[in-house]
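1. Dropping the sequence and predicted coords here.
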Amino acid sequence: MSTRLLLIRHGETDWNVEGRYQGQEDPPLNPCGQDQARLLAEKLSGVPLEVLYSSPLKRARETARTLEERLAVPLHFEPRLMEIHLGDWGSRLATEVAARDPERFLLWETDPWSVTPPGGESLFQVRERVHAAVDEIVRRHEGKTIGLVAHRIPLALLKIRYQHLDSSLVRKLYLPNADWEEIDLDALAGNGRHTPAAP
């Protein structure tokens, strides 16, 4: 059987609505996000999902718990699936970051691989930990359908890796809140398209 990944983004938070940088800050789902998670669980009820791995941050954890309860699949928490650590930018509005740190913010928007948020992680560091975690998960569950409940940047990095997309798109690729996308690893390997793309 094929090994499949379901890339799943957490439901909405108030900070998503406000345009506030979350990073590894830990706001919970808002009522809309809770409804989104329940609807997502209904949509996935016909998918042969066999195991779930989730970031432990509240917004991902709450989404994953809803899926676990509805779909009756085992759930594991994996810290390496957390969102990028944004350091001093965490919990600030994007407009505030742009005003306080304009040069770095411009690079973050236009050439994100060249900048590290002050006190935070680089995209290279995030990519290393996310890829390592998923490699271990895939080895552990070969031939299974695996759900990964995570965040915008980790999911974008996985799309770049497995869909052979240009790494410069990392800030432009994203799944909407509580949406999902399937990646068939065996089909990609058969096409020779499983090699990670480097910046």
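-> The structure has been received and is ready for your questions.
2. Do you have the strands of this protein handy? List them.
-> Secondary structure of the chain (DSSP state E): strands located at 4-9, 51-54, 75-77, 145-150, 180-184.
3. Give the partner strands of the first one in its sheet and their orientations.
-> Read it as strand 4-9. strand 145-150 (parallel), strand 180-184 (antiparallel) (DSSP bridges).
4. What residues sit buried inside that strand?
-> Under the neighbour-count criterion of 16 or more other C-beta atoms under 10 Å, strand 4-9 has 4-9 buried. Using the backbone N, CA and C atoms, a C-beta is placed for each residue, glycine as well.
5. Now that strand - C-alpha only, PDB.
-> Taking C-alpha atoms only, strand 4-9 is exported to PDB below (Å, rounded to 0.1, in the frame of the first residue of the first chain):
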ATOM      1  CA  ARG A   4       0.200   8.900   2.100                       C
ATOM      2  CA  LEU A   5       0.400  12.200   4.000                       C
ATOM      3  CA  LEU A   6      -2.500  14.300   4.800                       C
ATOM      4  CA  LEU A   7      -1.300  17.900   5.400                       C
ATOM      5  CA  ILE A   8      -3.800  19.500   7.700                       C
ATOM      6  CA  ARG A   9      -3.800  23.100   8.900                       C
END
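6. which residues touch that strand?
-> 40, 44, 47, 49, 63, 67, 134, 138, 144-152, 155, 158-159, 162, 174-185 (C-beta atoms under 8 Å, 6 or more residues apart in numbering).
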